[in-house]
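Trainee: Everything below, folded, please.
(2 chains, ligands or ions: 2)
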Amino acid sequence: MAILVDENTKILIQGITGSFGGRHAQLSLDYGTQLVAGVTPGKGGQKFADTVPIFDTVGDAVSETGATVSAIFVPPPFAGDAILEAVDAGVDLVVAITEGIPVMDMMKVRAAMKDSGARLIGPNCPGIVTPGTGENSHGGCRIGIAPGYIHKRGKVGVVSRSGTLTYEAVYQLTSLGLGQSTCVGIGGDPINGTSHLDVLKMFNDDPETEAIIMIGEIGGTAEEEAAEWAKENCDKPIAGFIAGATAPPGRRMGHAGAIVSGGKGTAEAKIAAMRDAGIEVAENPSDMGDALVRAMG
Amino acid sequence: MNIHEYQAKELFEKFGVATPKGKVADTAEEARAAAAELGDEIVVKAQVHAGGRGKGTFKNGFQGGVHLVKNADEAADVASKMLGQTLVTHQTGEEGKLVSKIMVADAVDIEKEYYLAILMDRESRSPVIVASTEGGVNIEDVAENTPDKIFNEVIHPLLGLQPYEIRNLASKLGFAGDTAKQFAKLLKGLYQLFMSCDCSMVEVNPLVTTPDGNVLALDAKFDFDDNALYRHPEIAELHDPTEEDPREVEAAKFDLNYIGLDGNIACLVNGAGLAMATMDIIKQSGGEPANFLDVGGGATQEQVRNAFKIILSDPNVKGILVNIFGGIMDCDVIAKGIVAACGEVDLSIPLVVRLEGNNVEAGKATLASSDVDLIPADTLADAAQKAVAAIA
Ligand SMILES: Nc1ncnc2c1ncn2[C@@H]1O[C@H](COP(=O)(O)OP(=O)(O)O)[C@@H](O)[C@H]1O
Ligand SMILES: [Mg+2]
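Mentor: Residues are numbered from 1 along each chain as shown, chains lettered A, B, ... in the order given. Ligands and ions are numbered 1, 2, ... in the order given. Below is the predicted model of the structure:
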């Protein structure tokens, strides 16, 4: 069953006519994803790649096509508004790829979404992939910017804050013959829609997922919270990795959320919390796939 | 982004946050003239982006980046001892910060020092006001030793600061009557400033009361959300690049995210998480990373060239590790870019390259057949070990 999305999920892309959005819309189409609509204000009536209808509003796109998920590729100044538009149009899931959204905007968006029933993944994330069963995992649902072909349909759930580090993990898994149920990039911003813990719970409830790999980095306490919950509640084997053990305190390591401040968010604390929860912590980023093999026993 | 205290003072004035009168100066003569317009109790303050100035020491031996003086001549004298000198505080690191401006301000008769800050809290996803009866000292120490003297108010992200929240804080800090009223006005102004300027933190340490019952902000540290500066051009203008590592400033021009560290193995990686992980594995393999460097999703020839130049401007660097996961991008294109960039920067130290992803076999073949003397690697662990061995 996978989590969040599967091969039948109908998605739309806000910002489909931008160069970045368009490029990845095409890659999702090539992957076999049910991309049914695009939204760009002022470009309603046009078509993307001669097949995908473009609408002026998310409301129109949803009512015409039945899309239930929106991917946001809108530039940062307009991204908060785009997320709210998608939520208001009644989609179940918004995946915000956009990097560089002001924190104040995300704070207000999160507060406004509270009772909407919609879920937000991201922002500043690579997106979600539920691999397909075809060659190079073709036929799956690829939302965002991840390379689809490195995946393989299978039983490992992947959750991570970063992009290329997730690809690294997926690549190691696939090379070991371990396929994935769903790979979720939750993003590197301090205020995001979905936490490690949220995704861990979904994987725990998903019958198709048999093992989980959780990749974190310095900053905040999300990994600790997820580990603490897993200790008592998760009955599936978990492997983990935390990036940033060598990062000096007070310096933001690329991601706005990756900063050790006021003694909080250190790699040591996160690794200790994971170990305490019985999570098999990878010794280094080359060891992520093998750590999962060890966790599965 | 951070700003100087004298710039913060202007923002305070604009938002009705009470603060002593003051003026910035970059010569002793200007300091004398500015001091002459103030009262007969004056404070001279070094302007650097770091706290702990009061207890800091200049490299020339002069003690303290905050001095009380009695007249314009004394102000000029103190200014001349600070300007052009390097101030070391517990927040600057050993290298300290060059003082090129000072601020002269009215000295305030302090009855008691407090702490007041507003910050964007990721856990509650809300602004949080932090206040303490222990001001003028390091708040981390207060949190460690007397956590019961720190008070927090979590503010609703959409409703904003409520009158009862101000009353709560005033009461906890022991303010009553007119003092409480002045505090309320100051806090409202500070909150408005925080929200409307997209701050991630505003810290007033100390906030003080005077014997005649006034409440004033005597110091200000600001941190603005870089992602929101596009909508605050007047604040973006306050940016002082001389306060930053010149290599970081240079890197930003090319959309490279660089942070200098103390080690000798430089790394160049696409993606922040993978870049941190690469630093970690260098350390684990017995080396020391010289930097964090994220080239973003692309890793084009131009970016790699500029990244190499910045890396090589660090005299400690003895070797380079390039780690690129070419997810969407063709590894062969990346490989050709790396080879071309090597030719352009005249590399004389070992270079280890690890590529993975799309069309990686062709990329590896390109690296292997090039004239550039580089060390190809397979896994990340292999790359780190080879980099450490290459500089041994
Ligand atoms: N205008 C002023 N009048 C009187 N005392 C001051 C004034 N400004 C600063 N001080 C004193 O100097 C101390 C240090 O100054 P501050 O501005 O907080 O710098 P820092 O935090 O960098 O040491 C304050 O805690 C306060 O006691
Ligand atoms: Mg201070």
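
Trainee: From here on, just use CA atoms for contacts and neighbour counts.
Mentor: Noted.

Trainee: How is the residue nearest to residue A:251 when sequence neighbours are not counted assigned, secondary-structure-wise?
Mentor: Among residues not flanking residue A:251 along the chain, residue A:259 sits closest, at 5.9 Å (C-alpha to C-alpha, 6 or more residues apart in numbering or on different chains). Following DSSP: H, G, I helix; E, B strand; the rest coil, residue A:259 is assigned to coil.

Trainee: how near is residue A:259 to chain B?
Mentor: Counting by C-alpha to the nearest C-alpha, to the nearest Å, the gap from residue A:259 to chain B is 11 Å.

Trainee: thought that residue was touching residue A:219?
Mentor: Yes - under the criterion of C-alpha atoms under 8 Å, residue A:259 lies in contact with residue A:219, with a separation of 4.6 Å.

Trainee: So these two - more neighbours on which side?
Mentor: residue A:219 (28 against 24; other C-alpha atoms under 10 Å in any protein chain shown).

Trainee: phi, psi of the nearest residue to the more buried one once chain neighbours are set aside?
Mentor: If the residues on either side of it in the chain are set aside, residue A:219 comes closest to residue A:265, at 4.0 Å by C-alpha to C-alpha, 6+ apart. The phi/psi pair for residue A:265 (degrees, to the nearest 10) reads phi 90, psi 20.

Trainee: Could you report the neighbour count for residue A:265?
Mentor: The burial count for residue A:265: 22, using other C-alpha under 10 Å.

Trainee: Look at it and report its pLDDT.
Mentor: pLDDT, residue A:265: 89.

Trainee: what residues are up against it?
Mentor: With contacts defined as C-alpha atoms under 8 Å, 6 or more residues apart in numbering or on different chains, residue A:265 is in contact with A:218-221, A:259.

Trainee: Could you point out which of those is nearest to ligand 1?
Mentor: residue A:259 (22.4 Å; C-alpha to the nearest ligand atom).

Trainee: Which of the three states applies to residue B:151?
Mentor: strand.

Trainee: And for it, the neighbour number?
Mentor: 17.

Trainee: again with residue B:128
Mentor: Neighbours of residue B:128 (other C-alpha under 10 Å): 21.

Trainee: Chain B contacts on the stretch 51-200 of chain A?
Mentor: Within the stretch 51-200 of chain A, the positions adjacent to chain B are A:100-104, A:107-108, A:110-112, A:146-147, A:150, A:161-165, A:167-168, A:190-191 by C-alpha under 8 Å from any C-alpha of the partner chain.

Trainee: my read: residue A:235 touches residue A:203, true?
Mentor: No - with contact defined as C-alpha under 8 Å, residue A:235 does not reach residue A:203; the gap is 10.3 Å.

Trainee: Show me where chain A has its strands.
Mentor: Along chain A, counting by DSSP state E, strands occupy A:11-14, A:35-39, A:47-48, A:52-55, A:69-72, A:93-96, A:119-121, A:127-130, A:141-144, A:153-160, A:180-185, A:211-217, A:238-243, A:280-281.

Trainee: cool, and the stretch 151-300 of chain B?
Mentor: Using DSSP state E, counting those that start in this stretch, the strands of the stretch 151-300 of chain B run over residues B:199-209, B:215-217, B:221-224, B:257-260, B:265-269, B:291-294.

Trainee: among these, which is the most enclosed?
Mentor: Across the strands of the stretch 151-300 of chain B, averaging neighbours per residue (mean count of other C-alpha atoms under 10 Å in any protein chain shown) puts strand B:265-269 on top, at a mean of 28.

Trainee: now for that strand, which elements pack on it?
Mentor: Helices and strands touching strand B:265-269, as assessed by 3 or more C-alpha pairs under 8 Å, 6 or more residues apart in numbering or on different chains; DSSP states H and E, comprise helix B:272-284, strand B:291-294, strand B:319-326.

Trainee: hmm, who's touching it?
Mentor: By C-alpha under 8 Å, 6+ apart, strand B:265-269 touches B:275, B:278-279, B:282, B:287-296, B:307, B:311, B:317-324, B:387-388.

Trainee: Could you report the separation of the residue lying closest to residue A:267 once chain neighbours are set aside from ligand 1?
Mentor: What sits nearest to residue A:267 in space, not counting adjacent residues and going by C-alpha to C-alpha, 6+ apart, is residue A:245, at 5.0 Å. Applying C-alpha to the nearest ligand atom, to the nearest Å, the value for residue A:245 to ligand 1 is 30 Å.

Trainee: List the buried residues of stretch B:105-121.
Mentor: B:105-108, B:110, B:112-121 (16 or more other C-alpha atoms under 10 Å in any protein chain shown).

Trainee: Just the closest of those residues to residue B:77, please.
Mentor: Checking the buried residues of stretch B:105-121 against residue B:77 with C-alpha to C-alpha, the nearest one is residue B:105 at 15.2 Å.
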